[in-house]
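*Asks:* build the 3D model from these lines:
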Amino acid sequence: MANLLRGMAAGLLAGCAASYVMNQVASTNPNKAGKGQKEGSSRRHRSNQREAREGGAEEQNATVATAEAISRNVFGHDLSECEKQIAGPAVHYAYGSIVGAIYGGVAEWFPLVGAGFGLPFGFVLWLVGDEIAVPALGLAKGPAEYPPAVHADALAAHLLYGFTTDMARRVLRHVL
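*Replies:* Predicted coordinates:
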């Protein structure tokens with residue numbers, strides 16, 4: 001029997017856990033984590049760190065740019081560097097949790113959504129989020145401005161997120 005709230009609760013917790021896994025895996029790769037940051041899940045972040053190491057101008061991490069936009073537009077406050085280090089990951093975990101909750105709710109009513117163990121879900125998040133929405137919102141350069149390896153890393157990270165979200169959701173759904 002489908003229960004939307006239980007499915008969403010399982011998805012919320014699973015999405016948060018998957019965001020953590022995504023960050024931990026990204027932080028273990030020296031090509032992805034730099035300057036002491038663990039927010040290595042987005043391709044823009046990795047590319048920005050690479051540019052900074054190579055002496056180029058560092059572009060803002062998309063999650064930090066989102067946090068800054070929210071802080072500035074909602075609270076009329078510009079984030080300090082210390083606040084950015086907290087706000088960027090907070091946006092990442094909030095987004096991962098919210099998207100996980102939506103996935104959990106939809107999978108509750110349409111079990112076919114869970115086919116593929118979350119991999120199609122991760123692919124759609126990468127395509128719609130990383131490749132389309134983030135550049136369209138002006139939070140990063142367009143997809144053509146990044147090398148194929150950066151796209152592949154981002155896709156792999158989002159597939160990991162989707163798989164982890166789905167597996168954790170399935171386990172949590174039996175408990176909730």
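
*Asks:* so how many other residues sit close to N73?
*Replies:* 9 (other Cβ atoms under 10 Å). (Each C-beta comes from the backbone N, C-alpha and C, glycine too.)

*Asks:* gap between it and T66?
*Replies:* When Cβ to Cβ, to the nearest Å is the yardstick, N73 and T66 sit 11 Å from each other.

*Asks:* assign T63 to helix, strand or coil.
*Replies:* Taken by DSSP: H, G, I helix; E, B strand; the rest coil, the conformation at T63 corresponds to helix.

*Asks:* report how many residues lie close to it.
*Replies:* Applying other Cβ under 10 Å, we find 25 residues neighbouring T63.

*Asks:* could you do A140 as well?
*Replies:* Around A140 sit 24 other residues, with neighbours defined as other Cβ under 10 Å.

*Asks:* V99 - nearest residue in space that isn't next to it in sequence?
*Replies:* Setting aside the residues directly before and after it, V99 is nearest to G15 in space (Cβ to Cβ, 6 or more residues apart in numbering), at 5.8 Å.

*Asks:* buried residues in the helix or strand encompassing the one you found?
*Replies:* Here G15, judged by DSSP states H and E, is contained in helix 4-28. The neighbour-count check on helix 4-28 (16 or more other Cβ atoms under 10 Å) flags 6-23, 25-27 as buried.

*Asks:* can you tell me what sits against it?
*Replies:* Residues from elsewhere that reach helix 4-28 (Cβ atoms under 8 Å, 6 or more residues apart in numbering): 32-33, 38-41, 46, 89, 92-93, 95-105, 107-109, 157, 160-162, 164-169, 172-173, 175-176.

*Asks:* worst-scoring helix or strand of this protein, pLDDT-wise?
*Replies:* Taking mean pLDDT, DSSP states H and E as the measure, the helix or strand of the chain with the lowest value is helix 43-53, at a mean of 43.
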